[in-house]
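Student: whatever this is, show me its structure:
(3 chains, ligands or ions: 2)
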Amino acid sequence: MNPQAIIDGLIAGSTIGLGAIGLTLTYSILRFANFTHGDFLAWGAYLSLSLMGLIGGLLAELGVRLAPFSFTLALPLAVVGGIALTVLLALALDKLLFGRLRARGADAIIIVMASFGASMALRSLLEFIYTAQPAYFTTALQIAKPLGLGLRATPDQLLVIGMTFVLVAVLHLIVTHSAMGRAMRAVSENPALAGVYGIDVAQIVRLTWIIGAGMACIAGVMAGLLVQIRPYMGFDLLLPLFAAAILGGIGSIPGAMIGGLIIGLAEAFAVQIVGAEWRAAISFVILVLVLMLRPQGLFGKAGG
Amino acid sequence: MDQAPPSLLLDARRLAKAFGGMTVVNEMSLQMGRGEILGIIGPNGAGKTTLFNLLAGAIPLDRGQIVLDGQDLSGKGPEARIGAGLARTFQIPRPFARMTVLENVMTAAQGQSGEGLFSALLAPARSAAQERANAARARDLLDFVSLSHLEDQPAAVLSGGQRKLLELARAMMAEPRLILLDEPAAGVNPALLDLIIDRISTVNAQGVAVLLIEHNMEMIARLCPRVIVMAAGKPLAEGRPEDVSRRADVIEVYLEGMPG
Amino acid sequence: MELLAYCAFFLTIAMTYAIICLGLNVQWGQTGLFNVGIAGFVGLGGYISAILTTPEAAERIGGFGLPIAAGWAGAMLGGAVLSLAVGLLTLRMRSDYLAITTFGIAVALQLVFQNAETLTGGAFGMAFVPRPFAGFQGNAFAFNLANLAVTCAVVLALYLLLEHLLRSPWGRTLRAVREDEVAAQALGKNPASLRLQAFALGGAIMALAGAVQAHFIGFIAPGNFLPMMTFQVWAMLIVGGSGNNRGAILGAVLVWAIWALSGALIAEVFPADQQARAASLQIVVIGVMLCLILLWRPQGILPEIRSVSRHLGRRHKDQ
Ligand SMILES: Nc1ncnc2c1ncn2[C@@H]1O[C@H](COP(=O)(O)OP(=O)(O)OP(=O)(O)O)[C@@H](O)[C@H]1O
Ligand SMILES: [Mg+2]
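Tutor: Residues are numbered from 1 along each chain as shown, chains lettered A, B, ... in the order given. Ligands and ions are numbered 1, 2, ... in the order given. Predicted coordinates for the structure are as follows:
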């Protein structure tokens, strides 16, 4: 078995974990499985790509490579804008579609269906705007440096893994140690009661989208940076995202991250045995196993 | 209590249920004879409805045993109990609102062929014949509770008292040996009250045992030779209604709940 | 004549979608189960039937050369078994888990269609799937018309069967469970078992649709069973009216017509190199339409009719 699978797994797992955070939050606070979440990743990547082109065109002096990484300063700047735009997209979708259905008291499953329809539309819109051709943040080639133990990684890859851990740790601390985080938990336990206790439920809903879409955008950019950007990238990640969120236990941020890493690593090792063409089936197998053996997930409450 | 007498219908022993640390039914035992009519009274929150939910299997027991006619029902789900002869109504009626009144009653028929996919597909003639017989019986029951003029209306149009009557008809449709009635007179117009009392005693006269939760003492006095006063999840007193209602401890638990 | 042949072809395809919609209507319209893996169930049926009925082929297992009817039956059985497995796994949990799992089933089956070459022929699929009325193939019009008749007959038979079920005690019990699960349980109904039955019936019908389609086209490949299909079928049922079997059929024809016409329009308007790109607009339009209907007219064109059990007769008819 090739030990390099560890690095591959951690990288894929970082993207999946960050993406699954938004999914697990929307599931526990807004109470529906959001099929558009994968498309937030793709939109985040494309929006950042467009902004990067714009910034690079306006400010040529930013076009210097940030050694040892493969990209220029335009990318981090663009990502900030990309996050804002992705959040805006999620909030708009909530205002136009999900929020209206909620206000009407529609069944959760109707909202799931609407998210499924919106997901198809969003993805195809990307395909129309950017075509199905893959796009790249950078064409610079990077050399993987040996890390010892027979492992190798490029600076970009290490940056992605490191940033993921920092982001998740910060987010986890905020959610567990702030009034805002307590309010989020209260809403996820019982939205009606939380409203009675003077929690601004609408604001918590907004916050959920902000965190979820923000993380999705970062995950999308990471995947785009290390692999490529395609309109279907988010859709292809959807099953791993769901599997990670359920494996980690719905509502748990560290759970989603750990679930993501487990799925990433499992994929990386399993493809060495069964072949890369079966990669997408791995998360399905894990999903089924979790549903059979521990449906509440690793960090979920029993009976939940 | 050592040897079950042959006429024993329901034998519930040491039933217990707590919700998140709050004990609601506390080691309560209850025996009923065949064809008996037994009243349960008690202040609000005494655990009467919870006792019904335990007997009917709507919520699982923490501890205890329920035997109906020699058959142990303790671990069985709600859908198994009505087949064993135990039917119930709800304190807040739960009609199938968008189904007609007649369909509501017919749904309660037990052993209706055609309720499984295979029998519906493979033996339509048999299930049709049975449906006709059941429809006739359901109509008789609707006559019995004076709802026949509404049989084609969706149950959503029924008034509160009519819903109570519909639930009675629905429970009867299952041909139970024991029927649990949770406050059949609550919210019922006094004009309907006589009808409900009369119907319950007719049901009982047909040999169906009745366990009746009621706050209306007139109804209890007219129907039940024996009542159990329940307080804080267990029996406080038991006896004839007129005796029990004079006891000081019973009066006290009722007064405790009162403001002032 | 060519136009008529095309119309017959168009309608036949629409009717195969109508079959899928009828299956989905059992699951969603009548029972409220959200299946996001329709394409997987349809594909499964198509492949099972193709494997059972194609002539023996050197490069793969299968090719049993059985009659088409055996293929159809095998497909339905396969669809039912898969649905039962999925249902047993997820139906005791929150409804979204069924959605997520069926979504996963479709992804996993798509991989099997693509990669299990010795069974499915891989990316190139399977040719020589026997076609009914192959003798007429020389005459496109007669061939298409005969197939249209067969497919319509299947739709009609299913429609009558499902309407029968809706009015049977089974249909009534299903409605009772949907209205108030607690009350239905107190009356001795088993909601879990009923849902499982409905899910399996719907899955069997979807798989049958896959078989009918494969035999009509005479060819089967993984590309026919993309998530697109799931999405189209949902749009069809929601537009037509979920809960209503006629709505399901109407929606299938209508959305398929919109699809075909908009495809033709794109072929006219856009230059050849831009057509693939423009085709994605079709999906955007259908996706937006689905959302708008959920927002503004969730009952669809033909709303659900409250069906009352048959055999009730009239009251005191002969008294
Ligand atoms: N599912 C439940 N979860 C938590 N607490 C419950 C539940 N069901 C009942 N309780 C509590 O148990 C206690 C007894 O309730 P129950 O409905 O059995 O009373 P009751 O005797 O029927 O009263 P009433 O005469 O008002 O109908 C109440 O304090 C109630 O809040
Ligand atoms: Mg009560």
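Student: contact partners for whichever residue of the stretch 51-200 of chain B sits closest to ligand 2?
Tutor: When scored by C-beta to the ion, the stretch 51-200 of chain B has B:Gln91 as its residue closest to ligand 2, at 4.6 Å. Just so you know, the C-beta spots here come from the backbone N, C-alpha and C atoms, and that holds for glycine as well. Counting by C-beta atoms under 8 Å, 6 or more residues apart in numbering or on different chains, B:Gln91 touches B:49, B:182-183, B:186, B:213.
Student: and what of A:Thr86?
Tutor: If you count contacts by C-beta under 8 Å, 6+ apart, A:Thr86 has them with A:40, A:43-44, A:47, A:213-214, A:216-217, A:220.
Student: restrict those residues to those that also contact ligand 2, please.
Tutor: For ligand 2, no contacts are drawn from these by C-beta under 5 Å from the ion.
Student: of those residues, which is the nearest to ligand 2?
Tutor: The nearest member of these to ligand 2, counting by C-beta to the ion, is A:Ala213 at 46.7 Å.
Student: the closest one - that's part of a strand, no?
Tutor: No: per DSSP: H, G, I helix; E, B strand; the rest coil, A:Ala213 lies outside any strand segment and is helix.
Student: so what's it closest to, chain neighbours aside?
Tutor: Counting by C-beta to C-beta, 6 or more residues apart in numbering or on different chains, A:Ala90 is the residue found nearest to A:Ala213 once chain neighbours are left out, at 3.7 Å.
Student: isn't that neighbour up against A:Thr208?
Tutor: No: here A:Ala90 does not reach A:Thr208: they are 9.2 Å apart, not a contact under C-beta atoms under 8 Å.
Student: comparing those two, which residue is more hemmed in?
Tutor: When A:Ala90 and A:Thr208 are compared on other C-beta atoms under 10 Å in any protein chain shown, the one with more neighbours turns out to be A:Ala90, at 28 against 22.
Student: and that one, how far is that from ligand 1?
Tutor: Counting by C-beta to the nearest ligand atom, to the nearest Å, the gap from A:Ala90 to ligand 1 is 36 Å.
Student: show me the helices in the stretch 101-250 of chain C, by range?
Tutor: For the stretch 101-250 of chain C, the helices defined by DSSP state H, counting those that start in this stretch occupy C:117-120, C:140-167, C:169-179, C:181-186, C:191-217, C:227-240, C:245-269.
Student: actually chain B, not the one I typed
Tutor: Secondary structure of chain B (DSSP state H): helices at B:48-56, B:78-83, B:101-107, B:117-122, B:124-144, B:160-173, B:190-205, B:217-223, B:241-244, B:248-256.
Student: what about the residue in chain B positioned nearest to chain A, neighbour count?
Tutor: Residue of chain B nearest chain A, by C-beta to the nearest C-beta: B:Pro60 (12.4 Å). Residues near B:Pro60, counting by other C-beta under 10 Å, number 11.
Student: picking up where we left off before, can I get the helices of the stretch 101-250 of chain C in JSON lines with distance to B:Glu175?
Tutor: Below are the helices of the stretch 101-250 of chain C laid out as JSON lines (distance: least, C-beta to C-beta, whole Å):
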{"stretch": "helix C:117-120", "distance to B:Glu175": "54"}
{"stretch": "helix C:140-167", "distance to B:Glu175": "24"}
{"stretch": "helix C:169-179", "distance to B:Glu175": "17"}
{"stretch": "helix C:181-186", "distance to B:Glu175": "15"}
{"stretch": "helix C:191-217", "distance to B:Glu175": "22"}
{"stretch": "helix C:227-240", "distance to B:Glu175": "40"}
{"stretch": "helix C:245-269", "distance to B:Glu175": "34"}
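Student: thinking again about what came up before, look up how far chain C lies from the residue of the stretch 51-200 of chain B closest to ligand 2.
Tutor: Shown here: B:Gln91 relative to chain C, a distance of 12 Å by C-beta to the nearest C-beta, to the nearest Å.
Student: residue ranges with poor pLDDT in chain A?
Tutor: For chain A, the stretches flagged by pLDDT under 70 are A:1, A:63, A:301-304.
Student: ok, which stretches of it are strands?
Tutor: For chain A, the strands defined by DSSP state E cover A:145-148, A:151-153.
Student: please work out which of those is packed deepest.
Tutor: Comparing those by mean neighbour count (mean count of other C-beta atoms under 10 Å in any protein chain shown), strand A:151-153 ranks first with a mean of 17.
Student: strands paired with it, and their directions?
Tutor: According to DSSP bridges, strand A:151-153 forms sheet pairs with strand A:145-148 (antiparallel).
Student: C:Gln213 against C:Val42, yeah?
Tutor: Yes: using C-beta under 8 Å, C:Gln213 makes contact with C:Val42 at a distance of 7.4 Å.
Student: more crowded one of those two?
Tutor: Of the pair C:Gln213 and C:Val42, C:Val42 is the one with more neighbours under other C-beta under 10 Å, namely 35 against 26.
Student: quick one: residues contacting the residue of the stretch 51-200 of chain C found nearest ligand 1.
Tutor: Residue nearest to ligand 1 within the stretch 51-200 of chain C: C:Val182 (11.7 Å; C-beta to the nearest ligand atom). Neighbouring residues of C:Val182 by C-beta under 8 Å, 6+ apart: B:58, B:78, B:94.
Student: picking up where we left off before, residue contacts, the residue nearest to A:Ala213?
Tutor: Counted by C-beta under 8 Å, 6+ apart, A:Ala90 has contacts A:40, A:209-210, A:212-213.
Student: burial of C:Gln137, as a residue count?
Tutor: C:Gln137 has 11 neighbouring residues, counting by other C-beta under 10 Å.
Student: what do you get for C:Ala153?
Tutor: Per other C-beta under 10 Å, the neighbour tally for C:Ala153 reads 11.
Student: find the nearest non-adjacent residue to the residue of chain A found nearest chain C, please.
Tutor: At 2.8 Å from chain C, A:Ala121 is the closest residue in chain A, using C-beta to the nearest C-beta. Nearest residue to A:Ala121, sequence neighbours excluded (C-beta to C-beta, 6+ apart): C:Gly287, at 2.8 Å.
Student: is any residue of stretch A:284-301 near chain B?
Tutor: No: contact between stretch A:284-301 and chain B is absent, the nearest approach being 13.8 Å (criterion: C-beta under 8 Å from any C-beta of the partner chain).
Student: is that stretch anywhere near chain C?
Tutor: Yes: interface with chain C: stretch A:284-301 contributes A:284, A:287-288, A:291-292, A:295 (C-beta under 8 Å from any C-beta).
Student: from the chain's centroid, how far away is that stretch?
Tutor: In terms of C-alpha atoms, centre = their mean, to the nearest Å, the centre of stretch A:284-301 is found 20 Å from the chain centre.
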